[in-house]
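Participant: What follows is a predicted protein model with its sequence.
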Amino acid sequence: MQEESLLQMRHIMKRFPGVLALNNVDFTLRKGEIHALMGENGAGKSTLIKILTGVYQMDGGEIKVEGENVTIRSPQDAQKGGISTVYQEITLCPNLTVAENMFIGRDEKLWVRNKEREKKADEILTSLGIPARARQQLGDCSLAVQQMVAIARAVDMKCKVLILDEPTSSLDDKEVNMLFDLMRDLKSKGVGIIFVTHFLEQVYAVCDRITVLRNGELVGEYLVEDLPQVQLVAKMIGKELDELSSMGEGVEKKTVNNEVFYEAKGLSSSDALSFDFSIRKGEVNGFTGLLGSGRSESVRAIFGADKVNSGEVKVNGQQVKITKPIDAMKHGIGYLAEDRKRDGIIADLSVRENIILALQVLNGVFKPISRSEQEAFADEYIKALNIKTASRETPIGSLSGGNQQKVILARWLLTHPDYLILDEPTRGIDVGTKLEIQKLVLKLAEEGVSVTFISSEVEEMLRTCSRLIVMRDRHIVGELKGADLNQAQVMKTIAGGESGHE
């Protein structure tokens, strides 16, 4: 197969301060092939793509296109070498026509000759079977057609390697099929396509090969027909099926009350989710699934952080309306967001100011917490959670990631929540702090607090949760508890096998 190689990346290394992001990674793309690049969050997919497109410079390794060594120092170098990328977020201009978008920033002579530009655009659109016309305003086209126009622009720039980064995340089934038809057409013309997606079914619908990365290292390259979905999940997570054993001993003890605290039916958010969900008092449950499966979107809908379109919600058996975070907070719900730097900490404020933030919001602007109370609260939680900080007045941005996470936990614990949602509370922190947070979750449950716990590490969820809700492609596909609460069953359910869903 070597003679068919279009792109070869060999022994790729990339370091960031304190992190080896890619370690001796190989990747091969062949002519007329659709090749899935798979891996969990932090596996190294984005870093590899950014090296290939000139956004990052590699620290070691080599890249060959059609057998020739190439040096890619910028996105312009990548484009000149026939490497184009179409991102999840469409980067074209909706206020311009299709033809203007296809040629903007390129051929200046063609840009000023409207008729020639439109004629050439129509020829390209027709040859690729794209249902759009040159004179149409791009913003009037569907998202799928806008994606296709972006692909047409890339292909017309003499593209040899086309990188599609999560191109289907905002498309419906019909639009996905339109995009797949275009991908197959380009494949027949000899274009090599790198397809990055979190939708497992789509990999098996359209791809020829799969390369799996994990923790910055190459797991392997596989023909699609040789790698069943459950084995793909196993390789992404890092556990083979025969190695798995349940780590959820004693989890039934964590459900201390049969009384339902929160219940939602038909809860639908702006992220196209629609689901039923409930949690009992003193229960620790969790949403699990691969990155992009809808875990975070589900809890954001529960907390009102994303726009809620429909659904019925009850708290303590009483129907309530939660459309924004303050509504949830007033009903005793706290939420530690997945991205602590973006949605959690306020880096320039002190530890004290970050801790009292949620309580002050609940009290309202006309009932300020006195300085002495703030200091007492901060000191109490710094001690209780063993937060390592020079003082309560230290800016939170100067703390380690684990201690920042503890401060945000303190923020919510200070509100004495009845229901606490923790989305990736242990990501990027040391093992000792992870264990502290897990113990805290179980202690809260013993005290009657309901907790929804989300982690990319399945073992961690099995140690902590008494019930797991399994998601795939933004749908709930299973519910596991009791004897089904083990890693093998989680992986089978994620991959589309049997589940314990009632």
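Facilitator: Perfect, I can see it now. Residues are numbered from 1 along each chain as shown.
Participant: For the stretch 101-250 of the chain, just list every one of the strands.
Facilitator: In the stretch 101-250 of the chain, the segments counted as strands under DSSP state E, counting those that start in this stretch are 161-165, 192-196, 209-214, 217-223.
Participant: Could you spell out the sheet neighbours of the third one, each with its direction?
Facilitator: Yep, that's strand 209-214 we're talking about. Here strand 209-214 is paired, per DSSP bridges, with strand 34-38 (parallel), strand 217-223 (antiparallel).
Participant: Can you pull the domain assignment for this structure?
Facilitator: 2-241, 251-331+464-502 (automatic domain parsing).
Participant: Including mean neighbour count, could the ones you listed go into TSV?
Facilitator: No exception for glycine: its C-beta is placed from N, CA and C like everyone else's. What follows is the domains of the chain, written out as TSV (neighbours: other Cβ atoms under 10 Å):
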stretch	mean neighbour count
domain 2-241	18
domain 251-331+464-502	19
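Participant: between those, which gets nearest to residue 444?
Facilitator: Of all the domains of the chain, it is domain 251-331+464-502 that lies closest to residue 444, at 8.3 Å by Cβ to Cβ.
Participant: now the strands paired with strand 209-214 as JSON lines including distance to residue 361 and mean pLDDT?
Facilitator: Formatted as JSON lines, these follow (distance: least, Cβ to Cβ, whole Å; pLDDT from 0 to 100):
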{"stretch": "strand 34-38", "distance to residue 361": "40", "mean pLDDT": "96"}
{"stretch": "strand 217-223", "distance to residue 361": "43", "mean pLDDT": "95"}
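Participant: Looking at the ones you listed, spot the one closest to residue 134.
Facilitator: Evaluated with Cβ to Cβ, the strands paired with strand 209-214 place strand 34-38 nearest to residue 134, the distance being 27.6 Å.
Participant: Moving C-terminal from the closest one, which element do we reach first?
Facilitator: Using DSSP states H and E, the next helix or strand after strand 34-38 towards the C-terminus is helix 45-52.
Participant: The strands of the stretch 101-250 of the chain: which one's closest to residue 357?
Facilitator: strand 161-165 (34.9 Å).
Participant: Mean confidence (pLDDT) on the closest one, please.
Facilitator: Averaged across strand 161-165, pLDDT comes to 91.
Participant: ok, now stretch 445-463?
Facilitator: On average, stretch 445-463 scores 88.
Participant: buried residues in it?
Facilitator: Across stretch 445-463, burial judged by 16 or more other Cβ atoms under 10 Å covers 445, 449-463.
Participant: neighbours around residue 349, how many?
Facilitator: Using other Cβ atoms under 10 Å, the number of residues around residue 349 comes to 15.
Participant: on that earlier part again, the buried residues of stretch 445-463 in helices, which ones?
Facilitator: Counting by DSSP state H, the part of the buried residues of stretch 445-463 found in helices is 445, 458, 459, 460, 461, 462, 463.
Participant: surely the second one meets residue 487?
Facilitator: This means residue 458. Yes. Here residue 458 lies in contact with residue 487, judged by Cβ atoms under 8 Å, at a distance of 5.4 Å.
Participant: Return the alpha-carbon coordinates of stretch 32-41 using PDB.
Facilitator: C-alpha atoms of stretch 32-41 as PDB (Å, rounded to 0.1, in the frame of the first residue of the first chain):
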ATOM      1  CA  GLY A  32      -8.900   8.200  -2.600                       C
ATOM      2  CA  GLU A  33      -9.400   7.300   1.000                       C
ATOM      3  CA  ILE A  34     -11.600   8.500   3.800                       C
ATOM      4  CA  HIS A  35      -9.600   8.100   7.000                       C
ATOM      5  CA  ALA A  36     -11.100   8.600  10.500                       C
ATOM      6  CA  LEU A  37      -8.800  10.100  13.100                       C
ATOM      7  CA  MET A  38     -10.200   9.000  16.500                       C
ATOM      8  CA  GLY A  39      -9.400   9.600  20.100                       C
ATOM      9  CA  GLU A  40     -10.900  10.900  23.300                       C
ATOM     10  CA  ASN A  41     -10.400  14.500  24.600                       C
END
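Participant: would you list every one of the helices in the stretch 51-200 of the chain?
Facilitator: Secondary structure of the stretch 51-200 of the chain (DSSP state H, counting those that start in this stretch): helices located at 75-80, 98-103, 108-112, 114-127, 143-156, 173-188, 200-206.
Participant: Can you lay out the ones you listed as TSV showing distance to residue 387 and mean pLDDT?
Facilitator: Formatted as TSV, those follow (distance: least, Cβ to Cβ, whole Å; pLDDT from 0 to 100):
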stretch	distance to residue 387	mean pLDDT
helix 75-80	42	88
helix 98-103	51	86
helix 108-112	58	53
helix 114-127	58	84
helix 143-156	44	81
helix 173-188	46	86
helix 200-206	40	89
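Participant: any chance of the ones you listed in TSV, plus distance to residue 423?
Facilitator: As requested, those are arranged in TSV below (distance: least, Cβ to Cβ, whole Å):
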stretch	distance to residue 423
helix 75-80	33
helix 98-103	36
helix 108-112	46
helix 114-127	42
helix 143-156	27
helix 173-188	27
helix 200-206	22
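Participant: wait, isn't residue 346 in contact with residue 355?
Facilitator: No. Here residue 346 does not reach residue 355: they are 11.2 Å apart, not a contact under Cβ under 8 Å.
Participant: picking up where we left off before, out of the helices of the stretch 51-200 of the chain, nearest to residue 359?
Facilitator: Nearest of the helices of the stretch 51-200 of the chain (Cβ to Cβ): helix 143-156, 41.2 Å.
Participant: just checking, what packs against the closest one?
Facilitator: Judged by 3 or more Cβ pairs under 8 Å, 6 or more residues apart in numbering; DSSP states H and E, the packing partners of helix 143-156 are strand 83-86, helix 98-103, helix 114-127, strand 161-165, helix 173-188.
Participant: can you map out the helices along the stretch 201-350 of the chain?
Facilitator: Going by DSSP H, counting those that start in this stretch, the stretch 201-350 of the chain shows helices at 229-237, 295-303, 325-330, 340-343.
Participant: Looking at the strands of the stretch 101-250 of the chain, which is nearest to residue 387?
Facilitator: Nearest of these (Cβ to Cβ): strand 209-214, 31.9 Å.
Participant: now the angle between helix 229-237 and that closest one, please.
Facilitator: Angle of strand 209-214 versus helix 229-237, following axes from the mean of the first three to the mean of the last three Cα atoms, to 10 degrees, is 40 degrees.
Participant: Need the residues that contact strand 209-214.
Facilitator: Outside strand 209-214, the residues within contact range by Cβ atoms under 8 Å, 6 or more residues apart in numbering are 25, 27, 30, 33, 35-40, 43-45, 48, 203, 218-224, 227, 232, 235-236, 238.
Participant: Apply 6 Å and report the result again.
Facilitator: If you take Cβ atoms under 6 Å, 6 or more residues apart in numbering as the criterion, strand 209-214 is touched by 27, 35-39, 43-45, 219-223, 227, 235, 238.
Participant: With that, I have no additional questions.
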